[in-house]
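Asker: let's see this in three dimensions:
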Amino acid sequence: MEAPAVPPSENIRFRAQCQTRWSDEDNQGVLNNAVYLTLLEEARYQYCDHLGLITPDHHFTFVLGQTTVRYIAPGRGPCAVTIETKTTALGTRSLTQQYRVVASDSGEVWAEAEAVLVIWDQDQGGSAPMPEDFRQAIATFEGL
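Answerer: Sure thing, here's the model as predicted:
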């Protein structure tokens, strides 16, 4: 399995701010692996909200197709966390985002991740072409 190829921090324009909780820790005293997926989801929401891509009913126009997470250092709770977020590829029906989860106070990198998001037509129950305004907002922001 390949580790996510997350770009260097200086090449990432968007940073989501989140907070872990003491209850996010498992019996080893580190963040439970499922918490990282929640942090990535929150970063996606903040990213899309920043670009004006959240629907009026607060829904995404995509579903999660795949996520790969590489754990680098044990995360702790409670802690302020920064999730560096970058869209690195736009397909016709999907996009790829990469993330870096960083403890805000120390700058320690806890994890890097990659997600493939599939544009979804709720009424048809399947993938759909990426709306042009959605594509344009991301392409303009990311310089794609």
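Asker: for the rest of this, base every contact and every neighbour count on C-alpha atoms.
Answerer: Will do.
Asker: buried ones in the longest helix along the chain?
Answerer: Longest helix in the chain, counting residues (DSSP state H): helix 33-50. Buried residues in helix 33-50, counted by 16 or more other Cα atoms under 10 Å: 35-36, 39-40, 42-48.
Asker: try stretch 72-80
Answerer: Of all the residues in stretch 72-80, those buried under the rule 16+ other Cα under 10 Å are 74-77, 80.
Asker: what ranges do the strands span in the protein?
Answerer: 14-20, 62-71, 79-90, 94-103, 109-121, 126-127 (DSSP state E).
Asker: still on that earlier bit, widest-spaced pair of the buried residues of stretch 72-80?
Answerer: Within the buried residues of stretch 72-80, Pro74 and Ala80 form the most distant pair, 14.3 Å apart (Cα to Cα).
Asker: ok so, going back, if you average pLDDT over the longest helix of the chain, what comes out?
Answerer: Averaged across helix 33-50, pLDDT comes to 96.
Asker: contacts for it next, please.
Answerer: Helix 33-50 is contacted from outside by 14-18, 24, 54, 60, 83-85, 99, using Cα atoms under 8 Å, 6 or more residues apart in numbering.
Asker: quick one: it to strand 79-90, angle?
Answerer: Here helix 33-50 points in a direction 60 degrees away from that of strand 79-90 (axes from the mean of the first three to the mean of the last three Cα atoms, to 10 degrees).
Asker: so can I have a markdown table of the strands of the chain showing mean pLDDT?
Answerer: Listed next are the strands of the chain as a markdown table, based on pLDDT from 0 to 100:
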| stretch | mean pLDDT |
| --- | --- |
| strand 14-20 | 97 |
| strand 62-71 | 95 |
| strand 79-90 | 97 |
| strand 94-103 | 98 |
| strand 109-121 | 96 |
| strand 126-127 | 94 |
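Asker: can you list those in TSV and add distance to Phe141?
Answerer: What follows is the strands of the chain, written out as TSV (distance: least, Cα to Cα, whole Å):
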stretch	distance to Phe141
strand 14-20	9
strand 62-71	18
strand 79-90	9
strand 94-103	13
strand 109-121	17
strand 126-127	24
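Asker: so which of those gets nearest Arg135?
Answerer: Among these, strand 79-90 sits nearest to Arg135 (Cα to Cα), with 7.3 Å.
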